[in-house]
Structures are given as C-alpha cells and as structure tokens.
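>>> please work out how this folds:
(4 chains)
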Protein chains: 4
Amino acid sequence: MTETLIKVDLDQPATQNEQVHNRWHPDIPMACWVNPGDDFILETYDWTAGAIANDDSADDIRDVDLTTVHYLSGPVGVRGAQPGDLLVVDLLDLGAKEEAPWGFNGFFSKKNGGGFLTDEFPLAQKAIWDFQGIYTSSRHIPGVRFAGQIHPGLIGCLPSRELLNTWNDRELGLIGTDPQRVPPLANPPFAATAHMGKLTGLARDKAAAEAARTVPPREHGGNCDIKDLSRGSKIYFPVYVDGAGLSVGDLHFAQGDGEITFCGAIEMAAGWVHMKVELIKGGMAKYGIKNPIFKPSPLVPNYNDYLIFEGISVDSSGKQHYLDANVAYKQACLNAIEYLTKFGYSPAQGYALLGSAPVQGHLSGVVDIPNSCATLWLPTQIFDFDINPSAAGPIKHLDGSIDLPIAQDK
Amino acid sequence: MTETLIKVDLDQPATQNEQVHNRWHPDIPMACWVNPGDDFILETYDWTAGAIANDDSADDIRDVDLTTVHYLSGPVGVRGAQPGDLLVVDLLDLGAKEEAPWGFNGFFSKKNGGGFLTDEFPLAQKAIWDFQGIYTSSRHIPGVRFAGQIHPGLIGCLPSRELLNTWNDRELGLIGTDPQRVPPLANPPFAATAHMGKLTGLARDKAAAEAARTVPPREHGGNCDIKDLSRGSKIYFPVYVDGAGLSVGDLHFAQGDGEITFCGAIEMAAGWVHMKVELIKGGMAKYGIKNPIFKPSPLVPNYNDYLIFEGISVDSSGKQHYLDANVAYKQACLNAIEYLTKFGYSPAQGYALLGSAPVQGHLSGVVDIPNSCATLWLPTQIFDFDINPSAAGPIKHLDGSIDLPIAQDK
Amino acid sequence: MTETLIKVDLDQPATQNEQVHNRWHPDIPMACWVNPGDDFILETYDWTAGAIANDDSADDIRDVDLTTVHYLSGPVGVRGAQPGDLLVVDLLDLGAKEEAPWGFNGFFSKKNGGGFLTDEFPLAQKAIWDFQGIYTSSRHIPGVRFAGQIHPGLIGCLPSRELLNTWNDRELGLIGTDPQRVPPLANPPFAATAHMGKLTGLARDKAAAEAARTVPPREHGGNCDIKDLSRGSKIYFPVYVDGAGLSVGDLHFAQGDGEITFCGAIEMAAGWVHMKVELIKGGMAKYGIKNPIFKPSPLVPNYNDYLIFEGISVDSSGKQHYLDANVAYKQACLNAIEYLTKFGYSPAQGYALLGSAPVQGHLSGVVDIPNSCATLWLPTQIFDFDINPSAAGPIKHLDGSIDLPIAQDK
Amino acid sequence: MTETLIKVDLDQPATQNEQVHNRWHPDIPMACWVNPGDDFILETYDWTAGAIANDDSADDIRDVDLTTVHYLSGPVGVRGAQPGDLLVVDLLDLGAKEEAPWGFNGFFSKKNGGGFLTDEFPLAQKAIWDFQGIYTSSRHIPGVRFAGQIHPGLIGCLPSRELLNTWNDRELGLIGTDPQRVPPLANPPFAATAHMGKLTGLARDKAAAEAARTVPPREHGGNCDIKDLSRGSKIYFPVYVDGAGLSVGDLHFAQGDGEITFCGAIEMAAGWVHMKVELIKGGMAKYGIKNPIFKPSPLVPNYNDYLIFEGISVDSSGKQHYLDANVAYKQACLNAIEYLTKFGYSPAQGYALLGSAPVQGHLSGVVDIPNSCATLWLPTQIFDFDINPSAAGPIKHLDGSIDLPIAQDK
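Here you go, the predicted model:
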C-alpha cells in the first residue's frame, strides 16, 4: 500500500496543518522527504480550504478572502535534488476524498476577484457539481454530464531567493503602474494571512512579509491551471533549491481551457494525488528548460465532436484591439454563451459550463493584423440533447426554472 | 463528375482572372452562381498568386508586395441566400493541383510584414515543403514528416456596405492612434493593387478605394487561418448580401495554431476545394450567430503524443505583462524552439516547424493575475527520432549543415 | 458517500460470504435490493477468490480448482425489474481495493484448463502485475508499462429457469459428442463446489445440481471478457427474472482482445465496482435485444500507434482450415510472439503480454475462402523502447535473465 | 508530378491490359520496374473490371463470373529485391478516378459466391454508393453518411514456385474433403479465364493451369480485405522472388471488419494508388516475419461513439458450437441487423451497411468454453439520427419505401 505522506482533515483549519502552506518562499521547511524513484500520496484541501459550502447560496463566493489562497500540500523534499536539475513528476492518479464527492465552480464579484467575463457577470454566483464515479453533473446546470479530467490547478517547486526576488520586483513594478486599480494588477505579499507550513516565529514573519502569493503561474509552474496536467501525465519541473520542494493543491475535477470563471474549474472539495518523482541531473541546461514541460496522459476523455466558436479582437462595444488574444477569446466565449441561450440555458449557466467542462481554447490566428482569432471548442457529446445547428432551428430544452444561485454585493 | 466552376492557370496573372479578387467589397460581382444543395469545385492560387518560387532563395519572401494579397476564388453566388441567413458550407475535400505538389513557409522581413517572433527573426527566410500523398516533408528541415490537414486559410462571404463601413471605421481608427508605425497597426484600403474580379472602370475604382483588405479575420470569417477548417469540416457563415458571395483561397497543406510565421502555414502553390452549400434561412437570429461557427472533420491526423511547452506573460527581457496571452504564447514558442536546438535544429528551423506542423496552441490560463499561461503542443510522432527528455540528455541528430535560406534586407 | 452494498474480506473464505456466488441459477436469493436510479458499490474477490498468490511460483496456477470459479458479487435485486425489460447499468467507476494493488496473469496447464495457445505453452506459468495509479507493470516482463482499462470480466443477470434449461441442454449436448475429451468441450453442472449465496439446505443442493457454470459468456452477458466494458461504459442487459439479479466479478485491470491466456487478463486481486442501474421497460422487444449491447467509455487509453500482425487460417503445421477465425487469430498471435522474441522477450513473456495489454484482435476478413484473416494490434507506445521495424534490424533490449515462473506438471 | 506507371482505361477490357493480371504465379512478367525509394502511381480497375454497373438492378451481381476476379495492377518489379527481404510499401494516398466517383456493395446469390450471412440473404442484392469528397452515401440506404477509409482489398508480392506449390497442395487437399460442395471449400486453378499479364502462348497456358486464384489472403498478404491498410499506412511484405513483384487492386472506399457481404466493401469503380517502396534486406529472418505486418495511418476517421453488439457461438437454431468465432461474429452481425430494423431499415440495408461502413469486429473472448464472444462495433455518428437506446423506445425514421434492388435466381 502506497504511503500517504500528507493528510488533510476537513474538520481542522488548514492553518493548523504544518504540512500545508499558502505562499511561495525558499525558507518554508520541507513537510516531508522522499527519494528519487519513490511514489507516495498527498492529500489536499480545496484551494480555499473549506470556505465554500455545498449549498445553494453564493454568499460564500462573494465573501471569500482571496488573501488566504491557495492552500498547498508540501513542500516535499526530494533527496539529491539540486538547483539546475529537472524534477520528473508522474501524476500516477488523482481522486476525490471519499467523504467529499463534490466540487464547486464560481464567479467572483467584480469587487472581489472578478473573472474573465466579469464585466458581463459582475456578481458572485456558484454551481455545485456532484461526482458519480468518473462522471460529474450539476444540479444547477441541467442536461450536462461528462467524464472528469482530474488535475492539480497548482503544482511546482519552491523558488530560490533570487527567483523570488525577481518575481517580487516585476510584479510590484506592475502594480506600481496603477496602484489603486480594482481589481489590482497583481497581488503583493501579504503577511497577515500567510501560512508558512512549519515555519514559526520571527522566521515565519520575515518570510511571510516577502513570500510570493500563489495566484499567478510563474517559471516554476505554480498556478498554471492547465487542464491537461491530468492523471497519467508526466511533468518536468525546474529545481531551484536543494531538495526541490514540490507542493501541490487546487485540485480540479475538470476545467475548460483558460479557467475563465477564475473560481474557476470544478474545484474539488478534498482530494489526493498519487505521484512518483525522479531526477534528471542538470536537466535544465541539457534541455534549455525555463518553464516546466510536460507530456499528456494516455487517458483523457475522448470527446471529439465539437461545435467551434470563433472570436476576433473587436470587443463587444465594437472597439478594434490590436492582436489581442484575450479580447478574441472573450468574444469566442460570449458567442458560445449566446448560442447556448437558444437552447434554454441562462447566460450564467453557459459561463459556468465553459469554465467547468473540457472545453478547448485555441490561439488559432495571432498574426493577421489587427485581429487575433481565438476558437472555443465545445464538446457536443456532454449534452443530453443535440446542440448542433439545423435548418429547423434550435429547440429550448430548458424552461429557465433552474439557475445558478447569485449573491448581490453587500 | 463534379463541375469545376472556377479554374486558375498558373501561367496567367491572377489579375487577369475575372473569377478571382483580392479585396472585400459588396459590389464585387458574383463570379458564378449555384443552388443550395449543389456541390462544385473551385481552384485557387496561392495567396500571393505565384510570387514565391520553389527554390532555395528567400529573396522573393523579402520582396513580396503585401498590398496584393490574398487572391481569392469567387465570389460564388448562392441563389436564395439573403442577409440574416446562415450559409452552410461542407468542405468535402481539398487538394493540391496535380502540377504543383509543393508549398512554402516563410518569415517576412521585419521591415515588410514581420511575424509573431519578428524581433527574434527579423530577416526573410523560407522553407519549401514537398507533398507525398497525404504526407509532407521539407528539404530545409530534415527529420520531420507528417500528414497534412489541408484547409483554406481564408474563406467567407461578402460584407454588406454597412459591415464594410464598420470595418473601415474601426481599423482606420486604430491606425490613427499610431499612423507612422512600421509595421502598421492595420492595413487601410489601397486601390492601386486591388483586383475586383469582374468589376471594371469607374465602378471598380470607386469600390477599390474603399474595399477592405483581406489580411485580418473579421465577422464573416475571412482570413481566420484556423487549421481545423480542414477537409470534411462544416462551416456556418453569416450572410450579409443577396447571394451570399462566398470566396475562398490561401490554401494550407498544414499549419500550427496561430500561423505564427505569418507566411505562415505550408502555403499551397495551387489547390482546389470541393464544397457543397446549403442555407439555414434566418439562421443568424435563430442561433445568435455573429461570427462563423463550425464543426471539425472526422478525418484529422491522430497524432496524440505531445511534448507541451508552457509560456507565461513575462517577456524575454523579464518584463511583467498583465494577462497578455500573446506574450505567453510567444514565450511558449520560444521555449519550444530553444528545446529543439538541443536536438540540432537551428532556431529558424524550429520557428518554421511551429508554423507548419499540426501544433496546438492553447489558452490554458487567462485569469491568474498577472500571468496568462499559454501552452504549445508539439506532436512527437512527426519526428524521425525521439525528442522526449531522458536522464541521458538530448542527442544531436542534425549537424547544422542544412538550414533555411535567408535574405538580407536591401 | 456512496453505499457499499457488498463487501469482501480477503481473510474470509468466499464460500462464507452469503453475498457471493459461483453459479448461475434463478433460485439464488438476491443478496440485496436497490431501486432504479440508485448508484452503489460492490466489492469483488478475484475470480478464484484468493487461490493465486503474489509470488514467483506458478504452482498455484497449475493446481487451481477450476470447478470453484468464478466468485461473483450479487445478485443485486432491482425493484420493478421484470422479464423482458432491459437493465441499464452504468459502470461509473472501478478500482483495486487499496490493500491489493496487484493482479496476475497465467497460463493454465494443458492438463488443467489450458488456453488459446496451450499447444505451444502446455505448462502453467504466471506473471504478477503491480498497479501504480492508472498504470501497471510486471516484474516478470520488463520494458512494458501501460494504463489500465479496468473492467469486469463477468457481469450479467440471473437466467430464468427456461433459459437455464436451454443452456444445460445445449452444453450437455455438446459434451456428449466427445465426453472423454481433455480439456472438456464444456463444463457441466458440478454441485460439490457450488456456492449458491444465501441458498442453503435441500434447496441449495437441488439448485447446485443444475446450476450453470460461470465460464462461458451466454445470452445474459456473463463471462464475456470484453475489455471494452470499462469504467465509464454503459450496458443494456436483458432481464429474465423478477428483480433482474445482477452479479459481477472477475475484475481485470487490463486485457487484450480474446483474453487469450485464459487466466487471462490482469486478474485483480480484489476490486470494487461503482455502478448505477436503470430500467427500460419492455426494452428487449422494443429493441430486438437477445444479447447485451453496450456503449464504450469516453475514457479509454488512447494508444494509437500500433504494429499489426496478420494471421490466416492455415495452422502451424501448414494445414488448411476453412474460414476458421480461431486458427487465423492464433497465427496472428504466434506471429506477434515470434516478432517480440527478436527484441529479447521470451515466448512466454510475449504470450502473457498479448493476454494482458490493451491489444486489439480484429476479424478482418471472414469470407475469402478458404482463409479467414485476423489481425492483432499491438500498441507500440506501451514499450520503453522502439519495437518498429527498421532497415538496421531489431535490437535485443532484454538479456533473457528474467522470465515467467513455470510449474512442471505433477 | 508523380509518374503513373500503370493506367487503366474503363472502356478497354482488362484482359487486353498487359499490366493487369488476375492470378498469382511467379512466371508473370513484371509490368514495370522501379527503384527502392521511388514513389509512383498505379491505376486500378474494380475487382470485376467493370462487370457491375451503377444502376438499380442486382442482375449483374447475380450473374457475375467469379472465375475472372480479381483484376490487379502489376506486378511492379523492385530492383534489388530478393527472396527473404521485406518490401516496405508506403500507401501515400489512394483515390477514385475522377470519372468514376462511385462504388458498389453486393451480396452474391448463395448459388454463386454467397457471403457471410448467405443463409439469411440467399439472393443477389446491390447497393450503390456515391462519393462526395471524403464522404460517401447511398441512394439505397438513406440516413447514413460517413468518411471513407480508402484501402486496397488486395495487395501483395508474387509467390515463389515453392510457395505456390504449397498453396495449391493445401487448398486442393481441402477441396478434396468435399469436392461437390456448393459453394466450394476453395477455388482451384482455372486456366480459361486466367489473365496472366504479359505472359502469352504456351508459357501462359502452362502457368495459367497452376496459377493460384486471388480470392483468399495468404502468406504474402493478397486479398486480406483489411480495412486498416488505408492511405497513410505502411506495410512490410515478405519477398519471394527476385524483384518482389508487387501487385494491387480491389480498392475499397470503406469497409467493415470482415467484409461480410463478400462483394463486400464499397468496391470502387476505378481508383489509383500512390505508393512508395523501400527494402529491408534480409528482413524476413531479422524480424521473424511469415505474414505481412503493417502500421496504420495517422489519418483515419475518428468516429468514437459506438453501439456494440455481442454474439456468442450458439447459432440461430440454438445449436451450441465449440469456440467458433465465426458463429459468434455472425450472431453479433444478426443482432445488429435486427436492432437496425427497429429504426426502419430493412434487414438487407442493415447487412449492406455492416459490410460498407467503418464497423469494427473484435475477437473479444476466445477461451471461455464452449462460447466464443465476438463484438461488432457500429459507429453511431454515421447516422443522421440518434440510434441509441432510450426509455422511450426506438423511432422509425425510414418508411420502407427504399430498399436494395434484388435479383431472383435464374
């Protein structure tokens, strides 16, 4: 039986678990140690460590304290790992903890976090997804069921001090260009809610004051939110500190490319990761690696009939943007949402679906000035009914009686 | 035998072919007419109509006159089509003309067109690809062979006058924000090299002066450069004028997501499209369609073992950008190119390969401030040798004796 | 949390578990009851209920008592199910019990069970496979690792008395054509080792004397050994008795088409099935169903690079058979085994691999007198090294120091 | 432009084309010669060389003279090829001749050829399929359309004299066990209708008297009727004579596993093969090759939603057969045909569809005495309507007004 090196107790505050942390800093002590070649299991909290409930109110989404996220399990020390190595991580399997077969997807309020389409969806909303074996469905979004592609939204190794400084410099620089912006351009260090694992006292305070927040993906991987880092995949991580310090969390049962709803995928209430680690000594230089590279799993849902929506970099007001792939992808998303309303879905249901289902987002054209072209690939086989166009026109399959809970701003 | 409604003669200038045009304007007369339900064949020039030769010099790439592109076959009038309808186009098959089983991929000079990585590759370069049945390979990029996914880079219906005005207004507005920029922010109308099909005399001159250039994708589709619009796919186009006016050109034998090299995919020297058209009356409103939607083909290369590169929105100089997917995708591309050099490819070969091969580009994360995360999916099965990482390190399979021709700026 | 309706204790003999049985008979009492729409979990023994050990001896394979198999969990009664209905079973998930992450594959002695290639492999041999998350590998077959496709080898509903009589009549009739044959043409009822679930006393004895053995697949499904009934698939079973009486067992971690080694797939030491049941009332007549039909899972390993071996119905001695697909498939298997020896595998390793890995077996040609043509599809991506042919010839990657344990006949 | 080495003229009898033959014999002179590394095109007749018309009568199917088939293009001599080599054939592309975009599928009369289900379908019937680009549909089978997977039904190298003798010995031996059988157990040499390519006079007569018929697949490949030898695949053929002598014909636009209707797939009226040849010297011994091996194409239709039918080796009369995969596959086919009738198809339409569409046939279980289990995989995505089971029961989409033409026996 594979050993579980880190356990989480949903009845215990994550901040009391010394094998959990919510910041990146080289001084965070290893939570445990393994050898190259070992396989082991880490349990994980949801990214908010229990702030979101399995209920029909979006108040918790509205009120979430985003300075506390993401709660990560680790860091795992790997004996012999040195800066410049590649840490090869096999995601052998991932799953939900037996007592928590559910997850959530939410849109944050524009005043507290926002999301990709926050201008169109400015208020907090929430959808709950239940897991039935490999499948999931939501009581808030009828007519849809699909196989999960479980993956960690967040995984990576501890930064070196030098790398941490680089991060802080460039992100504080960006914030400085518009310091009053809501939402902010980036999240600066914030010591009050930092949980630094085993680190305590002055050492904790000093590190917490400069520790990087976990929200953005960075050179080490981190919060990449790549739906394809799923069970069975293999990842090659740069190593920056002795022992590597691998941490993982923010497990998703499924996600669409972009994690557009920000809260974001189907966030698993509690999960576990079975992984194996190995080293390629000096691998960063050998392969010219700056960011992680990875190989996908041989075991991913084979939905292959798609309805594909295009978007170009002209925004909803008609304004022309110059090769802006974000604008193009937003338009593709809005086009898909509009289309889904013709079958009876509310716009919020459409938005939540694009964030949760195995939707692909492609950078289809990036050079044809002035318009980027992005495509959103919606798998048709996840619907209980036919959503293809026909000469007869669309059929409304839903009567509008069910929708996502919403929370007015306070 | 299916009728070929538009033929192209590679020995005749495209400007002498009345069934070809290189601008968008509602006054361009239909080149021919068909009925809903008809299937027919259109032949096509390459997008430059013969400006690029099958040789080992990149001078023609450097010297190309981009005001002349793209030469399109059409417009095809569809009887009964009216504004507000959807024109359903089945791409039944596409191929190379028998006498021209080759294509080209190029990087334009930064002074004349540029490309996605023009800062890194500022000079004109070219790679020639030969077709062998369903496969292609290049004498300029050894060790690679793959099955094509033939598609039109450019396809769409004529704009209405109102839509044309919208395009001109917003694009000229953008140009006006930095009118001296090289390369320009967008391409304004340019009458001198406009080829307006059957339109002649004053009517031609008037229309040419305001006709939209073909470079950007727009609401009608147009130059989407979506590699997935391949043979066997089905597209639903908005109709803006009576008769629809469907035109097509810029055939690609294969392309990576983004068409990053701008000249761009494997541009087919001469091709043909076998298509079928049908109408969904009033389909735009019925389905809430603004941009085309489409369904992919059941017949696409099944390469499924990928090496995936990540990029974040921190540029090569270390500068932090705010959720800029373009920067992220550029970094993913550069990471892949750097990796390929470890196996012996030149950076230019790597760049050309990413533009030509069936590479996927995903908008993996778009909300984790301040970093976008883009992923580039490189299929490993197109290489003659193993390009996966291993503990032993990479093997140089190429000795550097072969590279893409380059042309110094004049 | 999903309820586990049937539990198995590996330390308890299966014959003491009243929710387990090893024969088919309409009088076997329901082990538990559920409602249409319910989902629930059943745990399962391996098909021999513990007769085979995780060790390096094949003696247990040689000595197995085949009158005792297969131990099935059930029957599960479904309220409202009546003869003529279809029982729709969703295999929501399957897995190994945490304490038993391993399985076995074996060849029976020709004197006790045999197998598809028993003439070539007449002695008992065994390979142990370890599970690492979604993957498996064997210490007895180096150089191979692949993702499992977990499925029940055996699943189906209780027969009616009439159907049972039909089975017994036709199988005893076949046995009667050559009653002394070793191995026998079929297995007759055998009361001594029958485990009839909750049935006891005279009722048990009476039923045991006529209960059908579990080895063959029959109209109800049963021991189909179809590798594609994997997690995520949906099966439509004919119902013959009130309550349906669904039983399941013989879980396989993976299997090649045909289960050619008979003991056979990777037989899971202990597993669980999470399933959901629903009814289509009168579905047998509505859809003209005689045997089960099913839909595959969207989540199966996507190995797609195959090396394909042909076999025709001329046997190894050169004898011509008339359109005999079995002979053709045997030849395809032998051709694959011979090929694998060129890379260093022993014939026994090759045979075990074809039984265990996700190999496809196709009835490619069945009408071209006198030769059937069968093809065996070996996925190349499960090997650590390249097994494709090349001009340079094969490389021996294995030195022969490792092989499957073998047991001489007593 | 690739050279076409063998051309066929549909207005000329195949027997007048010296580059065509319909028997296997080592003395047939090479029709042309190529070098290893060459690619070239061969045109092909349909397997009957024009005996079947694009009309609505099945008389031609009933009256076909099966001693004349199959007309093959070749043999192509490959310089340097010697017995014991492997001839590596890349099927670079295949297609229909422009003037013949159609094919046929037929059932022979039980009195003249028969088929897999000839007991159920004893009379000659025919379906015509039209090609529209990559797709095909039939005016005789409404509601179905799918992408082709073009392949040669027949391809292989000339046998040596020794191999020819082996074939004749074993097949005549089989015929001798029941020489009066109708249909016969195998087809003996038949000189009268033999077309021996360039061979004339006495040499022709002598060879014709002993030349092997082309119907069965044999060691050299030959009439394998493997649907997966499609464009883009690579085949490794044993070489038995100097120059190899590669011949090809019997092109199919698509076929189901087994080619159950015998006439059989969608037989292309006229086609062409673009292929490339290379050698692996001494490859037969190096790789232990007896029958051809091959690798599938990366470009095959990706239909992946299947409805799967099981069959066991109990025939329609209820008779128990011992591990007979043919009986099992017949039952799976009959089960599928019965199911399709519930949606309005005639049994003949069902049978024709299973022979023509990309249906898979798997040898799912081959060891569970006494029942083989075969599965037939019917892709659901080829139908215009939903053919999945549902609680509501099937919908008749066809009114029975259209069926396959039938010809009464004379």
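
>>> rest of the way, CA atoms for contacts and neighbours
Fine.

>>> closest residue of the stretch 151-300 of chain A to chain D?
Here the stretch 151-300 of chain A gets closest to chain D at one residue, residue A:300, 13.4 Å apart by Cα to the nearest Cα.

>>> shouldn't that residue be in contact with residue C:301?
Yes - with contact defined as Cα atoms under 8 Å, residue A:300 counts as touching residue C:301 (7.4 Å).

>>> and the two? Which one has more around it.
More neighbours surround residue A:300 than the other of residue A:300 and residue C:301, with 22 against 19 (other Cα atoms under 10 Å in any protein chain shown).

>>> please list all residues in contact with that one.
Contacts for residue A:300 (Cα atoms under 8 Å, 6 or more residues apart in numbering or on different chains) come out as A:149, A:230, C:299, C:300, C:301, C:302.

>>> could you check how far it is from residue A:377?
Distance, residue A:300 to residue A:377, by Cα to Cα, to the nearest Å: 16 Å.

>>> so which elements touch the worst-scoring helix or strand of chain A on mean pLDDT?
Taking mean pLDDT, DSSP states H and E as the measure, strand A:263-268 is the helix or strand of chain A with the lowest mean score, a mean of 94. Judged by 3 or more Cα pairs under 8 Å, 6 or more residues apart in numbering or on different chains; DSSP states H and E, strand A:263-268 is in contact with strand A:102-107, strand A:244-252, helix A:347-356.

>>> would you mind getting the angle between it and strand A:244-252?
Here strand A:263-268 runs at an angle of 90 degrees relative to strand A:244-252 (axes from the mean of the first three to the mean of the last three Cα atoms, to 10 degrees).

>>> quick one: the strands in the stretch 151-300 of chain A?
A:151-157, A:217-218, A:221-222, A:234-238, A:244-252, A:263-268, A:270-280, A:293-295 (DSSP state E, counting those that start in this stretch).

>>> ok, the second one: who's next to it in the sheet?
By that I understand strand A:217-218. strand A:221-222 (antiparallel) (DSSP bridges).

>>> give me the residues contacting the partner strand.
A:154, A:155, A:156, A:157, A:214, A:216, A:237, A:291, A:292.

>>> identify the residues contacting the fourth one.
Each residue near residue A:157 by Cα under 8 Å, 6+ apart is listed here: A:75, A:220, A:221, A:222, A:237, A:238, A:239, A:240, A:244, A:245, A:246, A:247.

>>> for the second one, give me the pLDDT.
Reading off the confidence values, residue A:220 has pLDDT 98.

>>> now it: how far from chain C?
25 Å (Cα to the nearest Cα, to the nearest Å).

>>> now do the fourth one
Computed as Cα to the nearest Cα, the residue A:222 to chain C distance reads 23 Å.

>>> shouldn't residue A:127 be within a helix?
No - Residue A:127: not assigned to a helix; according to DSSP: H, G, I helix; E, B strand; the rest coil it is strand.

>>> gap between the closest residue to it other than its chain neighbours and residue A:331?
Nearest residue to residue A:127 in three dimensions, chain neighbours excluded: residue A:105, at 5.2 Å (Cα to Cα, 6 or more residues apart in numbering or on different chains). According to Cα to Cα, residue A:105 and residue A:331 sit 21 Å apart.

>>> also residue A:77?
44 Å.

>>> out of the two, which sits in the more crowded spot?
residue A:331 (27 against 23).

>>> which residues does residue A:137 contact?
Counting by Cα under 8 Å, 6+ apart, residue A:137 has contacts A:129, A:130, A:131, A:144, A:145, A:146.

>>> now for the strand or helix carrying the second one, which elements pack on it?
Assigned by DSSP states H and E, residue A:130 belongs to strand A:124-132. With contacts taken as 3+ Cα pairs under 8 Å, 6+ apart, strand A:124-132 sits against helix A:59-63, strand A:102-107, strand A:135-138, strand A:406-407.

>>> same for the shortest one, what does it pack against?
Using 3+ Cα pairs under 8 Å, 6+ apart as the contact criterion, the secondary-structure elements in contact with strand A:406-407 are helix A:59-63, strand A:124-132.

>>> before we move on, what about the longest one?
Under the contact criterion of 3+ Cα pairs under 8 Å, 6+ apart, the helices and strands touching strand A:102-107 comprise strand A:124-132, strand A:263-268, helix A:347-356.

>>> and the residue of the stretch 301-410 of chain A closest to chain C?
For the stretch 301-410 of chain A, Cα to the nearest Cα, closest residue to chain C: residue A:301, 4.6 Å.

>>> once you drop chain neighbours, what's closest to that residue?
residue C:299 (4.6 Å).

>>> for the one you found, give its distance to residue A:90.
From residue C:299 to residue A:90 the distance is 19 Å (Cα to Cα).

>>> show me which of those two is the more surrounded one.
Neighbour count, other Cα under 10 Å: between residue C:299 and residue A:90, residue A:90 has more, with 24 against 21.

>>> and the more buried one, what are its bridge partners?
residue A:234, residue A:276.

>>> what sits up against stretch A:377-385?
A:143-146, A:303-309, A:354, A:358-362, A:386-388, A:397.

>>> partner residues bridging the residue in the stretch 201-350 of chain A that chain B sits nearest to?
For the stretch 201-350 of chain A and chain B, the shortest gap (Cα to the nearest Cα) falls at residue A:258, measuring 3.9 Å. Here residue A:258 sits in beta bridges with residue B:365, as judged by DSSP bridges.

>>> where's residue A:269 relative to residue C:110, distance?
53 Å.

>>> more neighbours: those two, which one.
residue A:269 (29 against 20).

>>> verify the stated contact: the more buried one with residue A:46.
Yes - assessed by Cα under 8 Å, residue A:269 is found in contact with residue A:46 at 4.9 Å.

>>> up against chain C, what does the stretch 1-150 of chain A have?
A:1, A:92, A:93, A:98, A:99, A:100, A:101, A:132, A:133, A:134, A:135, A:147 (Cα under 8 Å from any Cα of the partner chain).

>>> hmm, back to that, need the strands of the stretch 151-300 of chain A in TSV (columns: distance to residue C:339).
Converted to TSV, the strands of the stretch 151-300 of chain A look like this (distance: least, Cα to Cα, whole Å):
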stretch	distance to residue C:339
strand A:151-157	38
strand A:217-218	47
strand A:221-222	43
strand A:234-238	30
strand A:244-252	42
strand A:263-268	46
strand A:270-280	32
strand A:293-295	29
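
>>> out of the ones you listed, the one nearest residue D:408 is which?
strand A:293-295 (59.9 Å; Cα to Cα).
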